[in-house]
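Enquirer: What would the 3D arrangement of this be:
(chains A and B)
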Amino acid sequence: MISELRKQLLSGETTPVKLLEDLSSGIAERDGQTGAYLSLELQTALEEAQSADLSKPLGGIPIGIKDNINVLGQPCTCGSKFLSKNYTSPYDATVITKLRKAGAIPFGRLNMDEFAMGSSTENSALKQTRNPRDPERIPGGSSGGSASAVADGTAIAALGSDTGGSIRQPASHCGVVGLKPSYGRVSRYGLVAFASSLDQIGPLTQTVEDAAHLLQAIAGADPRDSTSLDVAVPDYHATLKNGVEGLKLGIPKEYFGHGIDSGVRNQVDNAIQKLAAQGAEIVDISLPHSSYAVATYYVIAPAEASSNLSRFDGIRYGMRAEKPEDILDVYKKSREEGFGPEVKRRIILGTYVLSSGYYDAYYGRAQKVRTLIRKDFEQAFKLVDAIVSPVAPSPARKLGTNADDPLQEYLSDIFTISANLAGIPGISVPCGSTDFDGDSQLPVGLQILGPHLAEAKVLQIAHAAEGTCGADIG
Amino acid sequence: MSQNQLDVRYVAGLARLELSDEEIAEFQPQLDAIMEHVDALKQLDIDGIEPTAHAAPVFDRMRDDLPHTSLPIEAVLQNAPDRSQNQIRVPKVVTDA
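Expert: Reported below is the predicted structural model:
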């Protein structure tokens, strides 16, 4: 997709301004239905398009941005009332600086669950986003706006963020590609922090090759993020089309058990057979601590979130409650009025597991179980090159059906969470569609997980899967 | 069920969240159910296991100590809800005795 557009740009068949105008009219026509965008800065983008340097790798390509990544002079609401009125980004996130260096044009702010907490984008305090494949269904989340726009063609490609599956799961539900890089591969500077030891920025795209294009542009060490890794970034295109012949792909038995929808299972099994037919060796493996991943995550992520979100105190930026009695009242009332229910739940959960008397029992213990989960993967990657599984236990559910049951919603992240705990890369690539819950043709994603920093391998396998499964997707 | 082990009102106070009675009534059973699920971690033997704080631990990585320009004051203050004389204004913090 991007390669094709780049050819058209270089040959003069189209221009960056024309690309933006086409996107803009697509948004005017269809975004009323999907609700993917929170805001557009068309004028700024058009000015940038006029001076775009087409000699750069992403020269003249507009990229949609999840609304928790700072772009100078633009809003950054995080889907929250806390930041929806009184916040304009004073700087570019490092990924934006890098996209600009590659010639891309950040265009449009994409909806998300508030502060990236959720799996449906229903937790956005600002807008409802729908799945373009079936508007009665969730787009997934938390990067639901990014996935919805890319699936609907109202974005060429987008950035999202993934803390427990927030790129991969919406990509799976909307039938697009979503890549979560290894922890440390991409700078988090300028991403509004949710859980700092788990968060990563990554691309949502129409093709695996496009994901490679975007990762190439945003990867690399950053002096402004001490957790970004100072290691060489490989040329992802060099190995993209190498196929899967001779590669060992692990099938974790814990990811194919009870609770997985039969249609999802069939599509994933199908994809695995096709990879085997291309010469991959399929190996049964075990990740024995998988069943503890959700519990571990829902201690660690809220703990980090409760600490990170203490910056939203009504003093320096964002909302401040009116007529407070004193300084304590500023904090309490601003946070009560500014945060939605899911954010409050997680702040309470995180504060509790970090509080005196419970720290060792919950947070300390969860960090040790995190070690066990990480070691499960280390053992597995001694046997196989990559792991293949479903992304989510079922296709996109209907809007409004998990509203009162947060635990049920958390459990739907069961196959994606472990990669964040272990810090390894993962991709969701469309592998077919299935009937589910009275509807037909709902997209199913195949997840490919690789060893730490093995994005090139993950992209290579995803490219092979895309090639064989693509024909099945309507 | 963990018998309301997590006192929502008290913990919300620690987190500087003022909740309505309705919110507390809504959150209590939801948080109890989540903590009940989390309690499964207690079944595991974790003796001698080192904790993981970061998935890719990099310690004490320092950047070069070089001077560079900071954000201009206007950029820093532009989002402040209330400001005066290049400062952020807040309600009185120290009260009269």
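Enquirer: Tell me where the model's unsure across the chain.
Expert: In the absence of a named chain, this looks at chain A. Scanning chain A for pLDDT under 70 picks out A:470-474.
Enquirer: Correction: the question concerned chain B.
Expert: Within chain B, the segments meeting pLDDT under 70 span B:1-4, B:57, B:59, B:97.
Enquirer: what about stretch A:227-238 and chain B, touching?
Expert: Yes. Stretch A:227-238 is in contact with chain B by C-beta under 8 Å from any C-beta of the partner chain, via A:227, A:229, A:230. The way it works is simple: take the backbone N, C-alpha and C, and place the C-beta from them, glycine included.
Enquirer: which of those count as buried?
Expert: In these, burial by neighbour count holds for A:227, A:229, counting by 16 or more other C-beta atoms under 10 Å in any protein chain shown.
Enquirer: out of the residues of stretch A:227-238 next to chain B, which one sits closest to residue A:249?
Expert: Proximity of those to residue A:249 was ranked by C-beta to C-beta; the top entry is residue A:229 with 25.6 Å.
Enquirer: For the chain, which segments count as strands?
Expert: I went with chain A, as the question did not name one. A:37-39, A:62-66, A:105-110, A:157-162, A:177-180, A:200-205, A:248-252, A:281-285, A:386-390, A:426-436, A:439-449 (DSSP state E).
Enquirer: that's the other chain; I wanted chain B
Expert: For chain B, applying DSSP E gives strands covering B:83-84, B:87-88.
Enquirer: what sits against the residue of chain B found nearest chain A?
Expert: Minimum separation of chain B from chain A (C-beta to the nearest C-beta) falls at residue B:55, amounting to 2.3 Å. Applying C-beta atoms under 8 Å, 6 or more residues apart in numbering or on different chains, we find residue B:55 in contact with A:183, A:184, A:197, A:198, A:374, A:420, A:421, A:422, A:423, A:424, A:452.
Enquirer: Need the nearest residue in space to the first one, chain neighbours excluded.
Expert: Taking C-beta to C-beta, 6 or more residues apart in numbering or on different chains as the measure, residue A:183 lies nearest to residue A:423, with 3.5 Å between them; neighbours along the chain are not counted.
Enquirer: can you check the fourth one too?
Expert: The spatially closest residue to residue A:198, leaving aside those adjacent along the chain, is residue A:420, at 4.3 Å (C-beta to C-beta, 6+ apart).
Enquirer: can you pull the contacts of that neighbour?
Expert: Residue A:420 sits next to A:162, A:163, A:164, A:165, A:180, A:183, A:198, A:200, A:297, B:55 when contact means C-beta under 8 Å, 6+ apart.
Enquirer: can you tell me which of those residues lies nearest to residue A:319?
Expert: residue A:163 (23.1 Å).
Enquirer: burial of the closest one, as a residue count?
Expert: The tally of other residues near residue A:163 (other C-beta atoms under 10 Å in any protein chain shown) stands at 27.
Enquirer: before we move on, back to that, any idea what sits nearest the residue of chain B closest to chain A, other than its immediate chain neighbours?
Expert: Using C-beta to C-beta, 6+ apart, the closest residue to residue B:55 is residue A:423 (2.3 Å).
Enquirer: same thing with residue A:414?
Expert: Distances taken as C-beta to C-beta, 6+ apart place residue A:294 nearest to residue A:414, at 5.7 Å, with adjacent residues excluded.
Enquirer: for residue A:238, same thing?
Expert: Using C-beta to C-beta, 6+ apart, the nearest residue to residue A:238 is residue A:456, at 7.9 Å.
Enquirer: Centroid-nearest residue for the chain?
Expert: Went with chain A since none was named. Nearest to the mean C-alpha position of chain A, by C-alpha atoms, centre = their mean, lies residue A:167 at 1.8 Å.
Enquirer: that's the other chain; I wanted chain B
Expert: When C-alpha atoms, centre = their mean is applied to chain B, the residue found nearest the centroid is residue B:15 (7.0 Å).
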